[in-house]
Each structure stands twice: as structure tokens, then as C-alpha cells.
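> Next input, structure requested:
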Amino acid sequence: MILLQGLNNRFKVLLDAVIAIALASTILLNNTGVWRMWSILGEEYIYLFTCILLYYIVDPYTGLYTVLAVIASGSLNLVMKYSFNTPRPPNPLVEAEGPGFPSGHAQISTSFWGTLTLKLGDKYLAVASALLVAGISLSRIYLRAHYVVDVAGGITAGLAIALIIYYLGSRLEPGSASITVGAAAIALSSTTLLLRQWEPTALGLTGIGIALVASGRRIKDVIEALNTMDMRHRIKALILVLIATGPLYLAARTGGVARIIFFTIIGLIIFNTPLILGKKTRSRNTNSGAAGI
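Purely as a prediction, here's the structure:
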């Protein structure tokens, strides 16, 4: 969707129309399998992976602020869930754990697409974002994972997070924004752990929050390093990050305090790898230049 900026208006309209037709067809067919596909689009790990792609391949600033939106939204969602502790609908058609209000799928989707839309300011992206959030939210109702009020609460909270992240982006440097959101994620996730001991997602978000705070002072340098890399080096950096973090992500499934440690390391790798590779690239270029004198 971020590539909408580089497309002509006719193609953007066509893309919006395709999403609208897909959603309308899903509503008319009312097929459980298709609704499950819409629901998968709202999974937190889908957005985190998308944010990493944006960060490394498309635009570091956009990638960073969508990461901040997803982390902040996920942390707030857990606190709200275990504070209200409301039940979910009976006999869900998809795996659903934890309290119902607010819907995490609806909230995180709204935060991600809302932040992306505000960041890029593209009206066609706004239409596509609204349609995608609507499809994901309706899927959670159809699959009996949430009540309507859960989804409405998630969308409202998600919009609030998107506006807050947009405000932080316009007022603070990337490093300060990262430290602020990281500290908020640690505080919110710690509160969740008081309400629900060893809650796995809260443990992971605590680790990512620690990584954001620890990396905050270097984030601006990391972004500059990425911006100076050509696409080949960006892809190389992304591949290295995925190779390094994959085993750590699997190991983090063990839970407990170790989960915080693993996710802290994962976050540090994601946010700092470009700076390390950038220094090596500049060093090689300098040596090559000196050799040619």
C-alpha cells in the first residue's frame, strides 16, 4: 500500500475497487474460510513483519512510526483487555484466547493503517485502509471471536493510537519518539503482567519496549545509514536480520522471563543492524578510495 504514492490515480482507484469488491463478495458469500483469511490479515505478527519490510526496503521513517504504532497499540490493548475482562461470544469459529474487549485485530489494524495513512497523506490509501480495517473487523464478528462492542472499542482505541503516533512524529525526533513509545510499552506491559502473570504477548512487548529505549539515541543514525544504502545492501541487511531473529523468535516461545530477554535481543538486532552494516560499507568505500589514489 505504501507504493500507492508512486502509482497513477487510475491504478489507485482500481486497487481500491478491487479491495471493495473483495469485501462485498465476502459479505455476500458469507463463507467461513474467506472470513478467516480476512482475520489473518489482522494478526499482530503480520503487521510487525510488514513494518520491518517498510523500515528496511521502502522508507525507514515510515517503517519506524508504523512499528511504534503497532507496539503502542498492542501494549494498550492488553491492559484494556485484562482490566475490563469481558467474555467473548460462545462457540467461536476461530481460535480466540483472553478477554474480548477491545478487539486486538481491529485495534492494531486501525493503528497500523491509520498511522500509514496519516504519514503519507494519500486519499486513495485512506479508502483502502478503511476497507481493510472494515473487512478485518467484520471477520472477527462473523467468526464469533468478538462482539460488535469489542470491535468498535478496538477501532476507537486504534484511531487514538494512530493520532498520538502522528503527533509524536510531528513534534519529536525519531529517537525521542522511540524512547517515549518504548517506555510506554514497558509500563503498559508491566501493568498487564500484574493483572495476568506471565502473559506471553506482554512479555514480548516488554522486551521490544526495552530495545526501543536502548536504541533510541541511535535511531536517527540508523535511519541515515539506511538512507545511504542502495537497495542491494538494504535487502542484504533485511535478510541478515531475518536469519538472526528467526531462531530467537522460535526460542522465545518458551515463555517466562527468557521471553523478555529474547525479544529484547530481537529488537536490538532489528533497530541496530543497519548502523553496523553502514559503518562497514563506509569503511570499505573509504579503503577502496584510498587504494585508488
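
> Which pLDDT value belongs to N287?
Per-residue pLDDT puts N287 at 44.

> Sorry, slip of the keys, the one I care about is Q197.
88.

> where's it relative to L76, distance?
19 Å (CB to CB, to the nearest Å). For glycine as for every other residue, the C-beta is placed from the backbone atoms N, C-alpha and C.

> the more surrounded of those two?
L76 (24 against 8; other CB atoms under 10 Å).

> ok now do the more buried one, which residues does it touch?
107, 157, 161, 188 (CB atoms under 8 Å, 6 or more residues apart in numbering).

> Just checking the distance from the helix or strand harbouring the third one to the centre of its chain.
Think I161. Using DSSP states H and E, the element containing I161 is helix 148-171. From the chain centre to the centre of helix 148-171 is a distance of 13 Å (CA atoms, centre = their mean, to the nearest Å).

> same check, this time on stretch 167-184
Worked out by CA atoms, centre = their mean, stretch 167-184 lies 15 Å from the chain centre.

> Tell me where the model's unsure across the stretch 51-200 of the chain.
Across the stretch 51-200 of the chain, nothing is flagged by pLDDT under 70.

> And the helices in it, which stretches?
Along the stretch 51-200 of the chain, the stretches classed as helices by DSSP state H, counting those that start in this stretch are 60-84, 104-120, 123-142, 148-171, 174-195, 200-215.

> any idea which of the contacts of L76 is closest to P89?
Q107 (17.6 Å; CB to CB).

> Name all residues that make contact with the closest one.
Q107 sits in contact with 73, 76-77, 153-155, 157-158, 161, where contact means CB under 8 Å, 6+ apart.

> buried subset of the residues you listed?
Using 16 or more other CB atoms under 10 Å as the burial test, these include 73, 76-77, 153-155, 157-158, 161 as buried.

> re the thing from before, got the angle for the helix holding I161 vs helix 104-120?
If you take axes from the mean of the first three to the mean of the last three CA atoms, to 10 degrees, helix 148-171 sits at 30 degrees to helix 104-120.

> Could you give me the buried positions within stretch 214-226?
214-216, 219, 222-223, 225-226.

> how about TSV for the residues you listed, with pLDDT and distance to I261 added?
Formatted as TSV, the buried residues of stretch 214-226 follow (pLDDT from 0 to 100; distance: CB to CB, whole Å):
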residue	pLDDT	distance to I261
A214	96	13
S215	95	16
G216	94	19
I219	94	21
V222	93	22
I223	93	26
A225	91	26
L226	92	26
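
> of those residues, closest to A258?
Once CB to CB is applied, the member of the buried residues of stretch 214-226 that ends up nearest A258 is A214, at 18.0 Å.

> So which elements touch the strand or helix carrying W35?
Using DSSP H and E, W35 sits within helix 32-40. Judged by 3 or more CB pairs under 8 Å, 6 or more residues apart in numbering; DSSP states H and E, helix 32-40 is in contact with helix 9-29, helix 123-142.

> Using PDB, list the CA coordinates for that helix.
What follows is helix 32-40, C-alpha atoms only, in PDB (Å, rounded to 0.1, in the frame of the first residue of the first chain):
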ATOM      1  CA  THR A  32     -16.200 -19.100   6.900                       C
ATOM      2  CA  GLY A  33     -13.000 -19.900   5.100                       C
ATOM      3  CA  VAL A  34     -12.900 -16.500   3.400                       C
ATOM      4  CA  TRP A  35     -13.600 -14.600   6.600                       C
ATOM      5  CA  ARG A  36     -10.700 -16.500   8.200                       C
ATOM      6  CA  MET A  37      -8.400 -15.100   5.500                       C
ATOM      7  CA  TRP A  38      -9.600 -11.600   6.400                       C
ATOM      8  CA  SER A  39      -8.900 -12.400  10.100                       C
ATOM      9  CA  ILE A  40      -5.400 -13.500   9.300                       C
END
